[in-house]
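In: okay, here's the prediction I keep looking at, along with the sequence it came from:
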Amino acid sequence: MEQAAPRVLLTGVSSGCGKTTVTCAVLQALVDRGLRVGAFKCGPDYIDPMFHSRIIGAKSGNLDLFFFRENTLRYLLARNSRDRDVSVIEGVMGYYDGAGLASTLASSWETARAAEAPAVLVVPAKGAALSILAAIQGFLDFQPDSRIRGVILNRCTAMTCRGLAEAIRERFGGRVKPLGFLPELPECALESRHLGLVTAAEVEGLREKLHILARQAEETIDMDGLLALAESAPPLVFEPVALPRHEPVRIAVARDQAFCFYYEDSLEALEEMGAELVPFSPLSDRTLPEDIHGLYLGGGYPELYARELSRNESMRAAVREVLEGGLPCIAECGGFMYLTQAIGEEPMAGFLPGKCRDNGRLTRFGYVTLRAKKDNLLCRAGEEIPAHEFHHWDAGDPGGDFTAGKLNGRRWDCVFATDRLYAGYPHFHFYANPAFGEHFYQACIREKKRHAGNDEAHGY
């Protein structure tokens with residue numbers, strides 16, 4: 001299939017160069033123009049897409065070549081761009097940074113190539129002059145087809161931008177186009193914490209910050225030039241990824257300030273199969289939704305809300321009760337922590353052994369490949385799925401039913417897994433292996449039928 005999809009990828013020279021700020025400024029400026037805008041994030045990050053979604057009023061998808069085959073990436077890009085005037089893809093880390101120190105695997109560059117998207121390089125300009133051109137030339141020449149077609153200078157003044165833009169045109173001719181700048185805007189700074197930016201819901205005055213950024217982008221970024229680059233992208237060519245359709249089930253999904261890390265396309269895969277996803281809050285709801293056939297506890301920041309989660313004793317008891325009764329459950333990272341005995345000194349659901357503690361540093365972080373040691377809720381023994389870990393807190397007992405392996409050869413055991421449970425730190429995406437999502441769905445169908453059988457046996 002072919003589909004027109006104007007698109008551009010905003011990338012950077014490194015983490016911290018300001019590409020998220022530039023991306024948010026561009027997205028809000030496009031929305032303010034009345035355009036229907038799509039947004040995507042390279043890599044496995046959850047937080048940047050939350051900012052995108054706040055701006056465009058729709059979900060932001062992840063494009064990740066560690067998780068997906070190239071066709072799957074193009075399919076998800078096309079599906080989420082089909083009713084959009086233009087789509088903006090935000091890069092991850094530096095443009096060529098991939099899954100290993102010397103690898104471009106899953107880098108923004110590889111995403112730009114797979115998506116056939118023109119790339120715009122965000123370069124911080126504060127405290128530099130001609131060296132900025134050296135950096136641009138290095139990125140242009142590092143790979144034979146860099147796909148870099150434009151440059152935006154960040155933390156730059158108007159005077160500096162004028163001089164550097166002229167120098168860029170003179171040195172590089174038509175290879176790359178200067179597309180303006182953003183000045184330093186301390187009033188629009190987005191705060192960080194140990195897992196990156198704070199979530200969009202936590203930023204005070206976010207809407208005003210975004211509008212300041214958008215007004216600045218209209219003044220000092222060549223938005224028309226950026227749109228022209230997006231229009232130059234060729235049609236996306238892809239084969240649809242077909243998912244099976246099943247009888248409906250109800251799956252409870254934890255969604256609040258403590259549990260907010262989800263890949264929206266992954267959840268939508270369950271909906272495409274026929275599921276009704278029922279949101280609930282372990283923070284504020286007293287019990288689980290009624291008539292559910294599965295439970296999904298995603299990641300997030302339960303450690304920041306440990307006291308509130310612990311005080312909600314009725315919810316903790318309800319979760320423990322349904323799991324002891326065999327309800328199919330996926331619990332990733334923060335959701336897994338909620339199922340242990342405690343986070344710090346605060347009691348949790350107590351369904352799994354061990355307590356969670358703050359290591360004060362990133363622990364077992366990055367891309368991993370999970371290999372199952374035994375048949376379980378998601379897969380058969382020996383089957384593999386790409387996943388990702390990123391956490392400061394660790395569990396006294398992280399499980400041992402999967403083996404996680406990194407590209408550098410490091411291995412460790414992780415995850416509690418049974419025919420009704422996946423609970424561990426690694427996050428995964430159903431589009432990385434749709435069969436895993438179907439196995440979870442089939443377990444929910446069996447649970448539905450078991451409920452129906454119990455009701456019939458009791459004469460209901």
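Out: Arrived safely, thanks for sending. Numbering: from 1, shown residues only.
In: how far out from the middle of the chain is the longest strand along the chain?
Out: In the chain, taking DSSP state E as the definition, the longest strand is strand 355-372. Its chain's average C-alpha position is 17 Å from that of strand 355-372, according to Cα atoms, centre = their mean, to the nearest Å.
In: how about that strand as PDB, C-alpha atoms only?
Out: The C-alpha coordinates for strand 355-372 follow below in PDB (Å, rounded to 0.1, in the frame of the first residue of the first chain):
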ATOM      1  CA  LYS A 355      10.400  -5.100  48.700                       C
ATOM      2  CA  CYS A 356      11.500  -2.300  46.400                       C
ATOM      3  CA  ARG A 357      14.300   0.100  47.300                       C
ATOM      4  CA  ASP A 358      15.800   3.200  45.700                       C
ATOM      5  CA  ASN A 359      19.200   2.400  44.200                       C
ATOM      6  CA  GLY A 360      20.000   6.100  43.600                       C
ATOM      7  CA  ARG A 361      21.000   5.400  40.000                       C
ATOM      8  CA  LEU A 362      19.800   3.800  36.900                       C
ATOM      9  CA  THR A 363      19.600   0.100  37.300                       C
ATOM     10  CA  ARG A 364      19.800  -2.500  34.500                       C
ATOM     11  CA  PHE A 365      18.700   0.100  31.900                       C
ATOM     12  CA  GLY A 366      18.400   0.000  28.200                       C
ATOM     13  CA  TYR A 367      17.200  -2.300  25.500                       C
ATOM     14  CA  VAL A 368      17.100  -6.000  26.300                       C
ATOM     15  CA  THR A 369      15.900  -9.200  24.600                       C
ATOM     16  CA  LEU A 370      13.800 -11.400  26.900                       C
ATOM     17  CA  ARG A 371      13.900 -15.100  26.500                       C
ATOM     18  CA  ALA A 372      11.300 -17.200  28.300                       C
END
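In: quick one: buried residues of it?
Out: Applying a neighbour-count criterion of 16 or more other Cβ atoms under 10 Å, one finds 355, 356, 357, 363, 364, 366, 367, 368, 369, 370, 371, 372 buried in strand 355-372. The C-beta positions use only the backbone N, C-alpha and C, and glycine is treated the same way.
In: now the spatially closest residue to residue 235 that is not a sequence neighbour: phi and psi?
Out: Nearest non-adjacent residue to residue 235, counting by Cβ to Cβ, 6 or more residues apart in numbering: residue 2, 4.4 Å away. The phi and psi values for residue 2, taken as degrees, to the nearest 10, are phi -120, psi 140.
In: contacts only, for residue 2.
Out: Neighbouring residues of residue 2 by Cβ atoms under 8 Å, 6 or more residues apart in numbering: 235, 236, 237.
In: can you tell me which helix in this structure is longest?
Out: helix 434-457 (DSSP state H).
In: picking that back up, who's the residue nearest to residue 235 bridged to?
Out: Here residue 2 sits in beta bridges with residue 237, going by DSSP bridges.
In: ok, so of the contacts of residue 2, who is nearest residue 320?
Out: residue 236 (46.1 Å; Cβ to Cβ).
In: enumerate every residue touching the closest one.
Out: So residue 236 contacts 2, 3, 4, 5, 74, 77, 78, 81, 115, 116 (Cβ under 8 Å, 6+ apart).
In: what helix or strand does residue 35 sit in?
Out: For residue 35, there is no helix or strand it lies in under DSSP states H and E.
In: need phi/psi at it.
Out: phi -80, psi 150.
In: kindly report the same for residue 429.
Out: Here is the backbone geometry of residue 429 (degrees, to the nearest 10): phi -130, psi 130.
In: that one and residue 62 touch, don't they?
Out: Yes. Between residue 429 and residue 62 there is a contact at 7.3 Å, judged by Cβ atoms under 8 Å.
In: overlap in contacts, these two.
Out: Joint contacts of residue 429 and residue 62 (Cβ under 8 Å, 6+ apart) are 263, 265.
In: hmm, back to that, quick one: list the elements packing against the longest strand of the chain.
Out: strand 342-343, strand 384-395, strand 402-405, strand 411-414 (3 or more Cβ pairs under 8 Å, 6 or more residues apart in numbering; DSSP states H and E).
In: so for it, mean pLDDT?
Out: When pLDDT is averaged over strand 355-372, the result is 90.
In: what's the answer for stretch 134-146, then?
Out: Here the average pLDDT along stretch 134-146 is 96.
In: can you give me the pLDDT of residue 196?
Out: On pLDDT, residue 196 comes in at 54.
In: now distance to residue 407 too, for the contacts of residue 236, in a markdown table please.
Out: Output for the contacts of residue 236, formatted as a markdown table (distance: Cβ to Cβ, whole Å):
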| residue | distance to residue 407 |
| --- | --- |
| 2 | 34 |
| 3 | 33 |
| 4 | 36 |
| 5 | 31 |
| 74 | 24 |
| 77 | 25 |
| 78 | 29 |
| 81 | 31 |
| 115 | 23 |
| 116 | 26 |
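In: among those, which ones are in strands?
Out: The strands, defined by DSSP E, take in 2, 3 from the contacts of residue 236.
In: one step back: tell me which of the buried residues of strand 355-372 is nearest to residue 31?
Out: residue 367 (32.2 Å).
In: the closest one and residue 106 touch, don't they?
Out: Yes. Residue 367 is in contact with residue 106 according to Cβ under 8 Å; the separation is 6.9 Å.
In: overlap in contacts, these two.
Out: With Cβ under 8 Å, 6+ apart as the test, residue 367 and residue 106 both reach 66, 99.
In: now do the helices in this structure.
Out: Going by DSSP H, the chain shows helices at 19-32, 47-56, 70-79, 108-115, 131-141, 158-172, 206-220, 223-231, 264-273, 306-311, 313-324, 334-339, 434-457.
In: in a markdown table, list these along with distance to residue 402.
Out: Listed next are the helices of the chain as a markdown table, based on distance: least, Cβ to Cβ, whole Å:
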| stretch | distance to residue 402 |
| --- | --- |
| helix 19-32 | 32 |
| helix 47-56 | 25 |
| helix 70-79 | 22 |
| helix 108-115 | 26 |
| helix 131-141 | 38 |
| helix 158-172 | 48 |
| helix 206-220 | 38 |
| helix 223-231 | 41 |
| helix 264-273 | 18 |
| helix 306-311 | 26 |
| helix 313-324 | 19 |
| helix 334-339 | 12 |
| helix 434-457 | 12 |
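In: which one of those helices is the most hemmed in?
Out: Of the helices of the chain, the one with the most neighbours on average (mean count of other Cβ atoms under 10 Å) is helix 334-339, at a mean of 28.
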